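*Asks:* Here is the input, now give the coordinates:
(chains A and B)
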Amino acid sequence: MRLATWNVNGIRARHAVVLEWLEARRPDVLCLQETKVEDDKFPALAYRALGYDVALCGQKSYNGVAILSRAPLCDVTRGLGDAVDDPQARFLAATAAGVRVMTAYVPNGEAVGSDKFVFKLAWLERLRAHLERHLRPGAAALLCGDFNVAPAELDVWEPRVFAGKLLFTLDERAALERVKAVGLVDVVRALHPGARLYTWWDYQAGAFGRDEGLRLDHVYVTPALAARAAAAEVDRATRAGKQPSDHAPVIVTFRDV
DNA sequence: ATGTCACATCTAATGTGA
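*Replies:* Predicted coordinates:
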């Protein structure tokens, strides 16, 4: 299985780019974040025409996640399924070819210490609790998406600039670490220890040209899947191309899945 | 230095969110 995750920053604004990319790269599964559209306005027909099944969890204007899969999707669940009354469309899970695929768009947090920052930390804890309820030891499962957290110094272009800043605070990194600690492996980092593999660059100030990026998009997998991980890449060419999202696709290949 | 996008709204310039 070849799986990709991509924060597209608006599926309608990115439709032509995503279609062209899908035709060229043909991943088995593509998880999308920040689709920014209600489900009945998602351009699902075009993806179905390319042979992809489509599962959606969207809303008007903001957030929104989707899973596209060449194998039929089953057991689709939307949201974290806890007691919190939360209208934000940020989590979707479905099973594709026997693999439980979960995708998340973690809140950005706006500013350190803000209400949205507090919500972000609480959301990560809710995500951890969801995984604890649903992940089974030995299962083939993965959690991918835009986590809006750079886990380590290697994942920010200048650690001194980012110390204590949004996306890199110790609180955010600890909350993400607790998610991972349910029993998941950061498979891109496992395959590329020591590599600078940014996935997001600010649209402003020529950040991409200067390679001033952050690694915010991650693929976490169970040990069963980690053992089958053969390759991982960040598709920087797409970020460099026309009408880019500010995030690049991350692609992971698993053998015998 | 601010530098950019996407989306919504009293369809044109502005606010919100990232």
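
*Asks:* can you list the weak-confidence ranges in chain A?
*Replies:* Within chain A, no range satisfies pLDDT under 70.

*Asks:* what residues are up against the residue in it that DNA strand B sits nearest to?
*Replies:* Closest contact between chain A and DNA strand B, by C-beta to the nearest atom of the strand, is at residue A:10 (2.5 Å). Glycine gets a C-beta too; all of them are placed from N, C-alpha and C. Residues near residue A:10 by C-beta atoms under 8 Å, 6 or more residues apart in numbering: A:34-37, A:245.

*Asks:* My assumption is that it lies in a helix; please confirm.
*Replies:* No. Under DSSP: H, G, I helix; E, B strand; the rest coil, residue A:10 sits outside any helix and is assigned coil.

*Asks:* Quick check: phi and psi at the residue of chain A most remote from its centre.
*Replies:* Distance from the C-alpha centroid of chain A peaks at residue A:160, with 25.7 Å (C-alpha atoms, centre = their mean). When read as degrees, to the nearest 10, the backbone of residue A:160 gives phi -70, psi -40.

*Asks:* Now do the contacts for it.
*Replies:* If you count contacts by C-beta under 8 Å, 6+ apart, residue A:160 has none.

*Asks:* Flag every buried residue along the longest helix seen in chain A.
*Replies:* Longest helix in chain A, counting residues (DSSP state H): helix A:115-134. Across helix A:115-134, burial judged by 16 or more other C-beta atoms under 10 Å covers A:117, A:119-121, A:123-124, A:126-131, A:134.

*Asks:* Does it reach DNA strand B?
*Replies:* Yes. Using C-beta under 7 Å from any atom of the strand, helix A:115-134 comes into contact with DNA strand B via residue A:116.

*Asks:* and the next helix-or-strand element following that helix, how far out from the chain's middle?
*Replies:* Proceeding N to C from helix A:115-134, the next assigned helix or strand is strand A:141-146, under DSSP states H and E. Mean C-alpha position of strand A:141-146 versus that of the full chain (C-alpha atoms, centre = their mean, to the nearest Å) differs by 6 Å.
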